[in-house]
Structure formats: C-alpha cells, structure tokens
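# Using only what follows, build the 3D model:
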Amino acid sequence: MARPERQLVLVRHALPEFVVGLPASEWQLSGEGRQRCQRLADRLAAYDLATVITSTEPKAVETGQIVADALHLPLETAPGLHEHERGVVTSTGDQAAFRAQVRRLFERPDELIFGAETANQAHARFATAVAAAIEQHPHGNLAIVTHGTVITLFIARAAGLDPVPFWKSLGLPAFAVLSLPDLHLLEVIENV
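Below you'll find the model as predicted:
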C-alpha cells in the first residue's frame, strides 16, 4: 500500500506526576515521563513531521517540547485540544472507579457522566480544533500532542472502533497515525 501524501499523528502525552487535589489539566510530566519523551521522539522521527502542535495542558506542552527540540521542529499550542473537562482528581488510588466513569462516558456520550462536558461535547470541541490545525498547516505531516480520552473519542468515531478497549490500550505516551485528508487509521503504537 502506498504511503498517503500527508499524515496526522495524534500523540498521547507522556507519564505525568499525579497530584491529588490538583486538576489533571495542571499536572506536569514525571521524571520517567520526560525520559519516555526521548524514546517517543526517536519513534516519531520516522514520520517526517513538519510541525508539532500541543494542547495547552502542561503535560502535553512538555511532551511536545521535548519531541520538537529533539527533532528540530517548530512547536505551537492550540486551544480546544485539551482533555475531557473532568475537574479535580480526588484520589489516584481508585483506578477501577475512574475507569468505570470513563467507560460510562464512552457508553453514554450524550449524558454528563462526570466533569463539565459530555463525550459528544468533548469530541465536537476536539474535532473542531484538529480540523483547524490541519487547515492552518496545509503542508507536511502534523503531530498533535494531546490526551487519551479525546484521542479515543476522535479515532473511535473516525475508524468505527469500540472506544473502551482502544482507550485502555493507550500507554503514556502512545500515538496513532491517520491519513490526511480522509482520516483513515493507518497505525497505532500503544506504548513507547
């Protein structure tokens, strides 16, 4: 199969430092997360990227900055690429309860399950931001460093996948490659 003319690489940020009582949207990368970004940059070098764009969340910006620096690429942040708006994490110990909430979010996309937006609202916001990034960068392959839930919402709908197993499969970091302009899913690297 011939390689598409352009590709979009959606990157899930690297491992953050979990801070109870602080919104996840304010978390920074952990030391291990920063180390994983070096391996991520090595893997992304094969995709001949022209630009790296990140959400405005610190863990995504930091992931993108390490990758952009390693690959000598320009870096931008863009609105609308942030994670599902879920507020403050009150405990990092009950991952089963958190996974159950996310599963319900995917299963009932029109309902406000937790946080400040439904799955459909998060998807619409994210899809609009991705489309704007693609339009603003009409040449070359584009990497967008963002977050697991919104990547899952976007790719599951574009590729007709069950979102729950896809979401569970994504490591910190991970990435998926889609063709442009048709958004055909070409490859998923679940863990870097």
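# Quick check: next helix or strand after the helix or strand of the chain with the lowest mean pLDDT?
None of the helices or strands of the chain scores lower by mean pLDDT, DSSP states H and E than helix 95-107, at a mean of 92. On the C-terminal side of helix 95-107, the closest following helix or strand by DSSP states H and E is helix 119-136.
# Parallel or antiparallel, list what pairs with the following helix or strand past that following helix.
Next along the chain after helix 119-136, taking DSSP H and E as the criterion, comes strand 141-146. Here strand 141-146 is paired, per DSSP bridges, with strand 6-12 (parallel), strand 49-54 (parallel).
# tell me which strands and helices the least confident helix or strand of the chain is in contact with?
When contacts are defined as 3 or more C-beta pairs under 8 Å, 6 or more residues apart in numbering; DSSP states H and E, helix 95-107 packs onto helix 148-159, helix 163-169. Yep, even glycine has a C-beta here, placed from its N, CA and C like the rest.
# wait, which of these is closest to residue 116?
Closest to residue 116 of the helices and strands packed on helix 95-107, according to C-beta to C-beta: helix 148-159, at 13.1 Å.
# Other residues contacting that closest one?
By C-beta atoms under 8 Å, 6 or more residues apart in numbering, the surrounding residues in contact with helix 148-159 are 10, 12, 81-84, 102, 105-106, 119, 122-123, 126-127, 130, 161-163, 166-167, 170, 174, 176, 178, 183-185.
# now stretch 24-31
Taking C-beta under 8 Å, 6+ apart as the rule, stretch 24-31 contacts 13-19, 37, 57-59, 62-63, 82-83, 85-86, 89.
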